[in-house]
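Undergrad: dropping a prediction and its sequence here:
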Amino acid sequence: MSSPRQAPKSFRLHIGIFGRRNAGKSALLNMLTRQYVSIVSDVPGTTTDPVEKPMEMLPLGPVLFIDTAGVDDEGTLGTARVARTRQVLDRTDLALLVLDAGRWEAFEDELLAGFRKRGIPVIVVCNKCDLAPPPPDLTARLESEQIPWVPAAAAIGQGLEDIRAALGRCVPDDFIHTPPLIADLVPPGETAVLVIPIDKEAPKGRIIQPQVLAIRELLDRGCIALAVRDTELRQALDRLATPPALVVTDSQAFRRVAADTPPEVPLTSFSILLARQKGDLAQFVEGALAIDDLRPGDRVLVAESCSHHPIADDIGREKIPRWLQEHVGGTLHFTTVQGRDFPDDLASYKLLVHCGACMWTRREVLNRLLRCRAAGVPVCNYGMTIAYTLGLFDRALKPFPEAEKAYRAARLRRKASVATPP
């Protein structure tokens, strides 16, 4: 694993800086980072796209500050900038709402509603306090609603330590207590076999992030991490004096690995581990069961959190569509989106199949799941979709008792709904 200064974005506390134009957001970022990161100007709309700055901020550790365009931007370009700003909300763990000399109007109310809808803690920064103190009625409201606030004058470096202290107090619990990837599934001293195919999609000279993180967690716990290709798995298992506590495979090799792994040995995939760590495993289970509701002609949305150039037999564009259509017995219509591109209207889709989102924060994945739940669209991730369509779902959930329980309950609900006429 990299040092804190080189930590992946998915490990960093994402701190979004929001407010209207010329409130001093960019000056605040420069003050917090002690660097000239964002251009500061009296001209409204100087900041166009979100500006990101990773840094180490003690005692928080690795953080990522995101400076955004003003929410009151105007015109065609301004509307696009505001849309980018609202997109940042979905990946914000902690928000700084910057006020221009205590000015609070409809824009600030709308932002506050967005924070609350997503469960994002917010700190109000009453900027430019050297020009005018915040109005008493505003501070009274903030205190009555238990919204922490800090006076500051970012342009002259005033308020830095108070903001740092407020950030330390407001870090959300779900960031501090992010579920482990694998460490709780393997007792200390036991062996976990990690199956890592080296195929056309394997990055040259390295392995992908979830595989690296799994190895590190196992080492930290005092476990034995054995990494093999799928082609050497059976040979590796034969050489072990005792069976491993867990086998984890790349989802694309599920079928072969399941055939080579004794049935009494727990088996799952890296993608399913990510489904538990990054999202809501029970919601993904419901989404897997919804695969049985698909009919020829239905639309399926496939979402990849990172951008890459697809190659032959790409998992999201070819393999998963092929396995789903074999399961359904007919043609489905697939739409693929990458990165943070995502349809505003999900109503036409019968299923969302999401990648493992190894490069995203848990907050960002949960916000996307929240949107799907609100739209009534079932969502499943790559690994769970593959396991379900290949008939390996029961086995892939064995290491997760809570997920097994949710699976049984969901199946019972579905049977009851079928048995009971509308």
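TA: Perfect, thanks for sending it.
Undergrad: out of the helices and strands in this protein, which is least certain?
TA: Least confident helix or strand, the chain: helix 75-89 with a mean of 63, by mean pLDDT, DSSP states H and E.
Undergrad: quick check: next helix or strand after that one?
TA: The helix or strand immediately downstream of helix 75-89 is strand 94-100, counting by DSSP states H and E.
Undergrad: what's next to that following strand, contact-wise?
TA: Around strand 94-100, the neighbours that count as contacts under CB atoms under 8 Å, 6 or more residues apart in numbering are 13-20, 22-25, 28, 89, 108, 111-112, 115, 120-128, 134, 138, 163, 167, 170-172, 175. Backbone N, C-alpha and C define where each C-beta goes, glycine included.
Undergrad: now intersect those with the strands, please.
TA: Under the assignment DSSP state E, the contacts of strand 94-100 contribute 13-19, 122-127 to strands.
Undergrad: mind checking which of those residues are buried?
TA: Buried residues within these, defined by neighbour count using 16 or more other CB atoms under 10 Å: 13-19, 122-127.
Undergrad: can you redo those residues as JSON lines with distance to residue 94 and pLDDT?
TA: Shown next, in JSON lines, are those (distance: CB to CB, whole Å; pLDDT from 0 to 100):
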{"residue": "13", "distance to residue 94": "6", "pLDDT": "92"}
{"residue": "14", "distance to residue 94": "7", "pLDDT": "94"}
{"residue": "15", "distance to residue 94": "5", "pLDDT": "95"}
{"residue": "16", "distance to residue 94": "8", "pLDDT": "94"}
{"residue": "17", "distance to residue 94": "10", "pLDDT": "94"}
{"residue": "18", "distance to residue 94": "11", "pLDDT": "93"}
{"residue": "19", "distance to residue 94": "15", "pLDDT": "91"}
{"residue": "122", "distance to residue 94": "8", "pLDDT": "97"}
{"residue": "123", "distance to residue 94": "7", "pLDDT": "97"}
{"residue": "124", "distance to residue 94": "12", "pLDDT": "97"}
{"residue": "125", "distance to residue 94": "12", "pLDDT": "96"}
{"residue": "126", "distance to residue 94": "17", "pLDDT": "95"}
{"residue": "127", "distance to residue 94": "17", "pLDDT": "95"}
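Undergrad: ok, so of those, who is nearest residue 306?
TA: Of all these, residue 14 has the smallest distance to residue 306: 16.2 Å, by CB to CB.
Undergrad: pretty sure the closest one contacts residue 361?
TA: Yes - using CB atoms under 8 Å, residue 14 is in contact with residue 361, at 6.0 Å.
Undergrad: what touches both of these two?
TA: Counting by CB under 8 Å, 6+ apart, the residues touching both residue 14 and residue 361 are 91, 93.
Undergrad: quick one: the strands in the chain, in order.
TA: Here the chain has its strands, by DSSP E, at 13-19, 51-57, 61-67, 94-100, 122-127, 149-151, 191-195, 224-228, 246-249, 267-269, 299-304, 333-338, 351-354, 379-381.
Undergrad: residue 169 against residue 148, yeah?
TA: Yes - using CB under 8 Å, residue 169 is in contact with residue 148, at 7.2 Å.
Undergrad: counting neighbours, go ahead and name the busier of the two.
TA: More crowded of residue 169 and residue 148, by other CB atoms under 10 Å: residue 148, with 16 against 9.
Undergrad: may I have the phi/psi pair for that one?
TA: phi -60, psi 140 (degrees, to the nearest 10).
Undergrad: give the contact list for it.
TA: Going by CB under 8 Å, 6+ apart, residue 148 touches 122, 123, 124, 142, 166, 169, 170.
Undergrad: could you measure from residue 408 over to residue 282?
TA: Note on residue 408: its distance to residue 282, by CB to CB, to the nearest Å, is 12 Å.
Undergrad: more crowded one of the two?
TA: Between residue 408 and residue 282, residue 282 has the larger neighbour count (other CB under 10 Å), namely 16 against 12.
Undergrad: got a list of what that one touches?
TA: Taking CB under 8 Å, 6+ apart, we find residue 282 in contact with 402, 403, 406.
Undergrad: same thing with residue 13?
TA: Contacts of residue 13 by CB under 8 Å, 6+ apart are 60, 61, 62, 63, 64, 93, 94, 171, 175.
Undergrad: around the second one, how many other residues sit close by?
TA: As a burial measure, residue 61 scores 13 neighbours (other CB under 10 Å).
Undergrad: how far away is it from residue 268?
TA: For residue 61, the distance to residue 268 - CB to CB - is 29 Å.
Undergrad: thinking again about what came up before, closest one of the contacts of residue 13 to residue 297?
TA: The closest of the contacts of residue 13, once distances to residue 297 are taken by CB to CB, is residue 93, at 40.2 Å.
Undergrad: which non-adjacent residue is nearest the closest one?
TA: residue 14 (4.7 Å; CB to CB, 6 or more residues apart in numbering).
Undergrad: what is that neighbour paired to in the beta sheet?
TA: residue 64 (DSSP bridges).
Undergrad: the nearest residue to residue 305 once chain neighbours are set aside: what's it in contact with?
TA: Sequence neighbours aside, residue 357 is the residue nearest to residue 305 in space, at 4.4 Å (criterion: CB to CB, 6+ apart). Residue 357 is in contact with 274, 278, 279, 305, 364, 365, 381, counting by CB under 8 Å, 6+ apart.
Undergrad: perfect, I'm done here.
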